[in-house]
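Enquirer: Provide a 3D model corresponding to the input given below.
(2 chains)
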Amino acid sequence: MSIEVQNISRRFGNYTALEQVNLRIEKGELVSLLGPSGSGKTTLLRIIAGLESSDTGRVLLHGQDATEVAVRKRQVGFVFQHYALFRHMNVFDNVAFGLNVRSRRTRPSKSEIRERVFNLLKLVQLEGLEKRYPTQLSGGQRQRVALARALAIEPKVLLLDEPFGALDAKVRKELRRWLRQLHEELHITSVFVTHDQEEALEVADRVVVMNNARIEQVGTPREIYDHPATPFVNEFLGNVNSLSARVEEGRVHVGAIDLLAPLDLQNQQAAIAYVRPHNIQLTRVKNGKPVLEVKVRNIYAAGPTARVELERTDTGEELEAEVPRLEEQHLGLKVGETAFASLREARIFPAGKS
Amino acid sequence: MSALPSPKTKRVLPGFGISLGYTLLYLSLIVLIPVSALFFKASGMGWEAFWSAVSAPRVVASYKLSIGASLAAATINAVAGLLVAWVLVRYRFPGKRLVDSLVDLPFALPTAVAGIALTTIYAPTGWIGRWLTADGLKQLIHAPLGIVDAILAHAGSAFTTVPFAQWLERFIPEDGIQTAFSPLGVTIALTFISLPFVVRTVQPVLEDLNPELEQAAATLGANRLTTFWRVILPEIWPALLTGFALAFARAIGEYGSVVFISGNMPMKTEITPLIIITKLEQFDYRGAAAVAVVMLLISFTMLLVINLLQRLSSQRFAAPL
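Expert: Model (predicted):
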C-alpha cells in the first residue's frame, strides 16, 4: 500500500515540527526518515500512523484520504523505540493481542491465532520463547517481539520509530540486516525513523533526509551520498571537511588548487568545498600538481584506515584525511611535519548557506 | 537467614545493620509493644470468658457490620477513587488544583466533624435525607412528572402520567430509604473517610504509565474499553489493590465519624470499635481487649491476603521495562 503525505504542517506551541512536507512512498518500498533530533522525522511518522494530528495537509494511504481515520482502523503496524510491550502478558499473548481484541465476527479462531502467532515467532526467530515475559528477554528479543506483534494484524504499512535506538551496537547491526532480509521476504511498505546515517544508508531503498521541519533530499542511498543536494545533507552523511574557497572566472580556488565551478556560482563569490576524508590524498613532496600545504596535528592509526588530523598552513582550517594503513606506513608521517594534500573529489556550495 | 547478606559481603552503601536495627526497635516501640499488651490483657481472662465475650450475638453482629461496611466502602472507593485519579492525571481543567486538594480533605478533617456533617445532611430532615424519606421520594417522582403532565395538558393532550407515577410509588419502601441511622449511613461515612487512600496510591502509578502502551494497543486495533481492561488496568492493579487494602484498614478502625450517623442501635448499627468503647466505659477492660484481639486478627488476615494478591500480581513484572 502506498503512502502519500501532502502539505503536512505541525506546530507545538512556538515550535514548528513540520513545515509543508510532501512525500510519496510507493508500495513495497523500505524508506528511512533520516535526520538529527528535532528535525520532525518522528512527528511525521506518528502523523502517518495517526498517533499525532497535523495542523494542515492530508495523509493518503493506498490513494485514499486517511487523515480522519482513527489509529485503530488504519491497519498500520507501529514499532516503538522502547518496545512498549505489555509486561503483564507473555510473548504469545503480546503477539496475539491484535488478533484477540478483534470483534467476534472478524476474530480468527483460537487455533488459527495460535498458528499465526507461532508462524510469526518463527519468522522473528523467537521459537520456544512464547511463555516468557518481556522482562525475561534481552533488548533485541523484545524488539523482535514488538515487531511480531505489529505484523500479527497483517498491516498494510509498517512504521518503525528508531527501532534499534535502544540497543547496543552489535545487536543493532545484526537486527538491521535482518530487518532488510525480512522486508525482502514480506514486501510490506515500511518506513523507519533513524538518526543514524549508516543505518539509513544500509537498510533503506530510499532515504528521506530531514532537517528543521523540512525534507532536504529524497533519494536512493547512493544518490544521497554521491550527490547531496544541500550542504546540510553533505555534512550530515558521514564525515566531511569544509574548506573555504573563492570563485573566479568559472574556477573555484581552494588555496593553490583550482576546480571547475558549478554553473550556479557567481564570480567573486565565497564558496565552501566539501571534501570527504577518504578523498584527501597526502604526499610528502610536491609532485607538480597543485596542492595544499598542511601540517600534521595528530594520527589515529587504529583500524583499517588511519585518520590524520591536519591544519592548513594558509588559513589555519582543520581537516581530516583517511589514509589506508599501508599507505600511511609507507608515507611515514610524523606529528608536526609538513605534508601536501590534493583533493580527489570535492563538492562546492556557495558559502553562508548551510 | 539466607535472605540476610553475609557479613563478608562488602556493601557500597553502608548502614544496613544500623538501619535495620532502628527499624526493628521503632516498630517494636510503636506497634509491637502496644499490640502485645492487648494480647496480654486478653489472655488473662481464660478461654471460656474470652469466647463468651467475643461471640455474644451483639458483638458478632458488629463484626458483620464493620467488615461488611468497610469492604463495601473500600470497593466503592476502588472504583470511584480510580476515576478521580484518572481525571486528575489525564485531564487539564480549571480548578484542577482545588479538586486535587479536596481529595485530601477527609484526611485533614477531624472525623467527628465529618460524622456530624454527614448526619446533618442525611438525617430525615437534612438536605439529602429529606428526599430519601417516603414523602421525599414521592415528591421526587411527582415533581418532574407533574411538569410533564402540565405540558401535556397545555398541549391539549388527554394523556397523563398519573398511572405511571402510581406504579412507581409502589416501589417506595414504607419508611423511605433510610440513610442516617442505618448500615447504609455507616457505609457512606466509611466511604467518605477512606477516599484519599485509593486516589493517592493510584495517582502516581497512572502518572508514570507509559503512553506508548495505549498507543501500541490502539495501533493493534483495540478500542478504548479494551485498552483499559487489558492494558491499563493490569498495569495499575497492584496499586489499586494497595489502595483498596489501605482504605479497608482505615475504614475498619474508624470510630469518630460513624458513631454519629449510625445511631448505634444494638444488633443493627453498632460497629465493633463502638462495642469496644462501650465495654471500656463499663470498665470491662478485658472484654474490650478480647473483642479488639478478634478484630485485629481479622484485619491482619485480610491485609495479609491482599498483600499476597498484590505480590502475585506484581511479580511478573518486577523488573522495569
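
Enquirer: which residues touch stretch B:259-266?
Expert: Residues outside stretch B:259-266 that contact it (C-beta atoms under 8 Å, 6 or more residues apart in numbering or on different chains): B:58, B:61, B:112, B:115-116, B:118-119, B:122, B:180-182, B:185-186, B:188-189, B:269-271, B:274. In this view, the C-beta of every residue, glycine as well, is placed from N, C-alpha and C.

Enquirer: what about burial for those, which qualify?
Expert: For the contacts of stretch B:259-266, a burial check counting by 16 or more other C-beta atoms under 10 Å in any protein chain shown picks out B:61, B:115, B:118-119, B:122, B:180-182, B:185-186, B:188-189, B:269-271, B:274.

Enquirer: Where is the longest helix in the chain?
Expert: Since no chain was named, I'll use chain A. Identified as the longest helix of chain A according to DSSP state H is helix A:169-186.

Enquirer: Let me rephrase: I mean chain B.
Expert: Per DSSP H, chain B has its longest helix at helix B:57-90.

Enquirer: And the next helix or strand past that one?
Expert: Going down the chain from helix B:57-90, the next helix or strand is helix B:96-108, by DSSP states H and E.

Enquirer: Just the pLDDT for residue 103.
Expert: No chain was given, so I picked chain A. We have a pLDDT of 88 for A:Ser103.

Enquirer: nope, chain B please
Expert: We note a pLDDT of 91 for B:Val103 in this prediction.

Enquirer: swap in the one 4 residues further on?
Expert: Looking at B:Phe107, its pLDDT stands at 84.

Enquirer: Give me the three-state assignment for the closest residue to it other than its chain neighbours.
Expert: Using C-beta to C-beta, 6 or more residues apart in numbering or on different chains and skipping residues adjacent in sequence, the residue nearest B:Phe107 is B:Pro196, 5.2 Å away. For B:Pro196, the assignment made with DSSP: H, G, I helix; E, B strand; the rest coil gives helix.

Enquirer: wait, doesn't B:Pro196 sit right on B:Asp104?
Expert: Yes. The criterion here is C-beta atoms under 8 Å, and B:Pro196 meets it with B:Asp104 at 5.6 Å.

Enquirer: Same drill for those two, tell me which one is more crowded.
Expert: Between B:Pro196 and B:Asp104, counting by other C-beta atoms under 10 Å in any protein chain shown, B:Pro196 is the more crowded of the two (22 against 13).

Enquirer: residue contacts, the more buried one?
Expert: If you count contacts by C-beta under 8 Å, 6+ apart, then B:Pro196 has B:Val103, B:Asp104, B:Pro106, B:Phe107 around it.

Enquirer: if we go to 10 Å?
Expert: Taking C-beta atoms under 10 Å, 6 or more residues apart in numbering or on different chains, we find B:Pro196 in contact with B:77, B:81, B:84, B:102-108, B:243, B:246-247, B:250.

Enquirer: now do B:Ser28
Expert: For B:Ser28, the contact set (C-beta under 10 Å, 6+ apart) comprises B:Ser36.

Enquirer: So what does it have for phi and psi?
Expert: When read as degrees, to the nearest 10, the backbone of B:Ser28 gives phi -60, psi -50.

Enquirer: now swap in A:Tyr300 and tell me
Expert: phi -110, psi 110.

Enquirer: what's the neighbour count on it?
Expert: Counted with other C-beta under 10 Å, the neighbours of A:Tyr300 add up to 12.

Enquirer: distance of the residue nearest to it when sequence neighbours are not counted from chain B?
Expert: Distances taken as C-beta to C-beta, 6+ apart place A:Arg307 nearest to A:Tyr300, at 4.4 Å, with adjacent residues excluded. For A:Arg307, the distance to chain B (C-beta to the nearest C-beta, to the nearest Å) stands at 39 Å.
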